[in-house]
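Trainee: Prediction below, plus the sequence it came from.
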2 protein chains.
Amino acid sequence: MPQITIALKKRPGKKNLPVVGVINKVDAPNYNSVKKKTWEEELGIDLVEVSALTGRGIDDLKAALIRKASYADENRPLISDLINPGELVILVVPIDNAAPKGRLILPQQQVIRELLDHQAIAVITGDNQLKPTLNNLKSQPALVVTDSQVFGPVSTIIPLEIPLTSFSIIMARYKGDLKTLVKGAKAVTGLKPGDRVLIAEACTHHRQADDIGAVKIPRWLQKKVGGNLDFNWCAGFDFPPDLASYKLIIHCAGCMLSRREMLYRISLATAEQLPIINYGVLIAYLHGILPRALLPFRELSHPL
Amino acid sequence: MPQITIALKKRPGKKNLPVVGVINKVDAPNYNSVKKKTWEEELGIDLVEVSALTGRGIDDLKAALIRKASYADENRPLISDLINPGELVILVVPIDNAAPKGRLILPQQQVIRELLDHQAIAVITGDNQLKPTLNNLKSQPALVVTDSQVFGPVSTIIPLEIPLTSFSIIMARYKGDLKTLVKGAKAVTGLKPGDRVLIAEACTHHRQADDIGAVKIPRWLQKKVGGNLDFNWCAGFDFPPDLASYKLIIHCAGCMLSRREMLYRISLATAEQLPIINYGVLIAYLHGILPRALLPFRELSHPL
């Protein structure tokens, strides 16, 4: 084994990421564990000895990853703090071309799963079957959660006394900071034609013809502003380091990002005093239904 | 570009797999398209020219893959032929330690999605909330689909006039050949202590303490047979070529396999006159509820 100089070149900084150190190739005949202790002292982190060749230590590595992983996301309530066990929640899931074949998207799965974990009942319907579904229930649902894109028609079907919100707003609270994202809605009224707007999406999926981030949101927003805006897009983990020239960031729900990453992006925006909003909050705002969609969240007593 | 001898070493045989031929490195200065035509004639298949370096032709390759892919699985009904648009289906999804955190397993997702595609309504509940859920409906559900593991308690709650089946049986029909798998149930009565039994699972997940394939099914089956059986297990795409020594194959629902692969495995078993059954059919049979679980399927008029 050749002599090596070791150092953590870049300590995880702002994102406060946990670190698991690994020594591979410990099957090498000239490897000895004394080096492990020396390296651990030098780096200031624990190291796990593994051999990718023989599989030695791989279970220890998995255990170390699990110990270090933050479960902050999983312990936050997505929907379970809004309802009680035994209550029934209607989820409105319209199917369009962007829906993955034969599957449900992650936020829908997560909400259904948390309802089941919480001993609640999920009723899933498209918007066109919503009225008969509602009429078929002897007692009213405790909550209705809709896909943002049909918030308008759904809000006319669901009586005002039944709490109503959207998957995107639930995700905004779960992954990010709902108060900051709601403040972003106020900034929309100040936008002027020609302003630079960043649309950030965590997915790198192929875009559909009428894509929400590429087509619908720009169209709705320009109609509101009354002129063209200078849109820029980023996708995946690609997020521009220089935000100074933007007037607004519009971010997707972030279901493919960790809460840590989403809060980091929000902190970058707030450091620049740059308003940030997410798709769901923006769509609800542009359709005039944001106040109603925020009512189920007691922490936002005066949301707007 | 060096001279090369080309031939398809192994023509896709029994599995009848479609083939897409690809020529990579067409960015090489000495590549010319005349070679493509020669090779196509020699091999008897179409070839797509790509350069992984420059990205040239990658879209053509994707299009060729899509054209060749068989959508036989997707066009088969999973549940939509059992119900009508506007009807309501109750799905019983108990949550145990084996359920992936924050998600639904694929068969549950696929069933919910197909109900939505079919303009039907899915009501999802754990078994402990099933009775109040049923009582909260003004009209009866058109069908109840339960996780096999709670078929017993669910069958006592759901009145006999409401059709009831399990996710596993729906998957058995969708991925395989329900008639053959149901015949496998008859073979169970002929099993004797000491017989060799193969348990085949498509997933390679970490096993839970009370794993269905590793623990529960062997326990139930040995209780039925009245003695120990000689169990062998296989997982993933690993399926033993020599089946002659087995008396029964017990296969998982196959949600991670293509229908083609599942039918191929069933054909290997029937070629050996070896009974094959799947988890769901076996569990329903061992709990005495298979006849009821098969009633919704009109094609099985005399199932047992």
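Mentor: Sure thing, it's come through. Since this is a predicted model, take the numbers as computed values, not measurements.

Trainee: List, one by one, the residues from chain A near chain B.
Mentor: Residues of chain A that fall close to chain B, judged by CB under 8 Å from any CB of the partner chain: A:74, A:86, A:88, A:93, A:95, A:99, A:101-104, A:106, A:109-110, A:112-117, A:119-126, A:128-129, A:132-133, A:135-139. To be clear about C-beta, it is placed using only N, CA and C from the backbone, and glycine gets the same treatment.

Trainee: What's the separation between the residue lying closest to residue A:227 once chain neighbours are set aside and chain B?
Mentor: Spatially, and ignoring its direct neighbours in sequence, residue A:227 is nearest to residue A:193 (2.7 Å; CB to CB, 6 or more residues apart in numbering or on different chains). Residue A:193 sits 35 Å away from chain B, taking CB to the nearest CB, to the nearest Å as the criterion.

Trainee: Ok, residue A:262 next?
Mentor: 16 Å.

Trainee: Flag every buried residue along the host helix or strand of that residue.
Mentor: Assigned by DSSP states H and E, residue A:262 belongs to helix A:259-271. For helix A:259-271, the neighbour count (16 or more other CB atoms under 10 Å in any protein chain shown) marks A:259, A:260, A:261, A:262, A:263, A:264, A:265, A:266, A:268, A:269 as buried.

Trainee: Would you write a ChimeraX line that selects the buried entries of the residues of chain A next to chain B?
Mentor: Buried residues among the residues of chain A next to chain B (16+ other CB under 10 Å), as a ChimeraX selection:
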select /A:86,88,93,99,102,104,109,110,112,113,114,115,116,119,120,121,122,123,124,125,126,129,133,136
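
Trainee: I'd like the distance from the helix holding residue A:262 to the chain centre, please.
Mentor: Centroid displacement of helix A:259-271 relative to its chain, using CA atoms, centre = their mean, to the nearest Å, is 12 Å.

Trainee: now for the helix or strand just after that helix, which elements pack on it?
Mentor: Following helix A:259-271 in sequence order, the next helix or strand is strand A:276-278 (DSSP H and E). If you count contacts as 3 or more CB pairs under 8 Å, 6 or more residues apart in numbering or on different chains; DSSP states H and E, strand A:276-278 packs onto helix A:167-175, helix A:178-188, strand A:248-251, helix A:259-271.

Trainee: Which of the residues of chain A next to chain B fall in helices?
Mentor: A:74, A:106, A:109-110, A:112-117, A:132-133, A:135 (DSSP state H).

Trainee: Looking at these, spot the one nearest residue A:203.
Mentor: Nearest to residue A:203 among these is residue A:106, at 10.0 Å by CB to CB.

Trainee: Not counting residues beside it along the chain, what's closest to that closest one?
Mentor: Residue A:106 sits nearest to residue A:255 (CB to CB, 6+ apart), 4.6 Å away.

Trainee: So the one you found versus chain B, what's the distance?
Mentor: From residue A:255 to chain B the distance is 11 Å (CB to the nearest CB).

Trainee: Tell me, how many residues neighbour that residue?
Mentor: Neighbourhood size, residue A:255 [other CB atoms under 10 Å in any protein chain shown]: 19.

Trainee: Reformat the helices and strands packed on strand A:276-278 into a markdown table and put mean pLDDT next to each item.
Mentor: Converted to a markdown table, those look like this (pLDDT from 0 to 100):
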| stretch | mean pLDDT |
| --- | --- |
| helix A:167-175 | 89 |
| helix A:178-188 | 91 |
| strand A:248-251 | 95 |
| helix A:259-271 | 90 |
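
Trainee: Please convert the ones you listed to JSON lines, extending it with distance to residue A:159.
Mentor: Below are those laid out as JSON lines (distance: least, CB to CB, whole Å):
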{"stretch": "helix A:167-175", "distance to residue A:159": "19"}
{"stretch": "helix A:178-188", "distance to residue A:159": "24"}
{"stretch": "strand A:248-251", "distance to residue A:159": "31"}
{"stretch": "helix A:259-271", "distance to residue A:159": "33"}
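
Trainee: I'd like to know which of these lies nearest to residue A:81.
Mentor: So among the helices and strands packed on strand A:276-278, helix A:167-175 is nearest, using CB to CB, at 9.9 Å.

Trainee: so how far is that closest one off the chain centroid?
Mentor: With CA atoms, centre = their mean as the basis, helix A:167-175 stands 7 Å off its chain's centre.

Trainee: So what touches that helix?
Mentor: Contacts with helix A:167-175, where a contact means CB atoms under 8 Å, 6 or more residues apart in numbering or on different chains, come from A:73, A:76-79, A:91, A:107-108, A:111, A:145-148, A:178, A:181, A:253-255, A:257, A:259, A:262, A:278-281, A:283-284, A:293-294, A:297.

Trainee: Would you mind checking those for buried ones?
Mentor: A:73, A:78-79, A:91, A:107-108, A:111, A:145-148, A:178, A:181, A:253-255, A:257, A:259, A:262, A:278-281, A:283-284, A:293-294, A:297.

Trainee: Nearest approach to residue B:204 belongs to which of the helices and strands packed on strand A:276-278?
Mentor: helix A:259-271 (29.1 Å).

Trainee: host element of the residue nearest to residue A:227?
Mentor: Residue A:193 belongs to no helix or strand, assigned by DSSP H and E.

Trainee: Correct me if wrong: it contacts residue A:226.
Mentor: Yes - Residue A:193 is in contact with residue A:226 according to CB atoms under 8 Å; the separation is 6.7 Å.

Trainee: any low-confidence regions in the stretch 101-250 of chain A?
Mentor: A:205-209 (pLDDT under 70).

Trainee: Please report phi then psi for residue A:43.
Mentor: phi -90, psi -20 (degrees, to the nearest 10).

Trainee: now it: how far from residue A:134?
Mentor: Going from residue A:43 to residue A:134 by CB to CB, to the nearest Å gives 60 Å.

Trainee: Please work out the average pLDDT along stretch A:272-280.
Mentor: Average pLDDT, stretch A:272-280: 92.

Trainee: Contacts for that stretch, please.
Mentor: A:148, A:166-169, A:171-172, A:176, A:180-181, A:183-188, A:212-213, A:217, A:243-244, A:246-254, A:265-266, A:269-270, A:285.

Trainee: Among these, the buried ones, what's the ChimeraX command?
Mentor: Buried members of those, defined by 16+ other CB under 10 Å, are picked up in ChimeraX with:
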select /A:148,166,167,168,169,171,172,176,180,181,183,184,185,188,212,213,217,243,246,247,248,249,250,251,252,253,254,265,266,269,285
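
Trainee: What sits closest to residue A:137 if chain neighbours are left out?
Mentor: Nearest one to residue A:137, counting by CB to CB, 6+ apart, is residue B:136 at 6.0 Å.

Trainee: just to revisit the earlier point, enumerate every residue touching the residue nearest to residue A:227.
Mentor: A:225, A:226, A:227, A:228, A:229.

Trainee: Does residue A:257 belong to a helix, a strand or coil?
Mentor: coil (DSSP: H, G, I helix; E, B strand; the rest coil).

Trainee: where's the residue nearest to residue A:227 relative to residue A:225, distance?
Mentor: Distance from residue A:193 to residue A:225, by CB to CB: 6 Å.

Trainee: Show the contacting residues for residue A:265.
Mentor: Applying CB under 8 Å, 6+ apart, the residues near residue A:265 are A:200, A:239, A:249, A:251, A:257, A:276.

Trainee: All set now, cheers.
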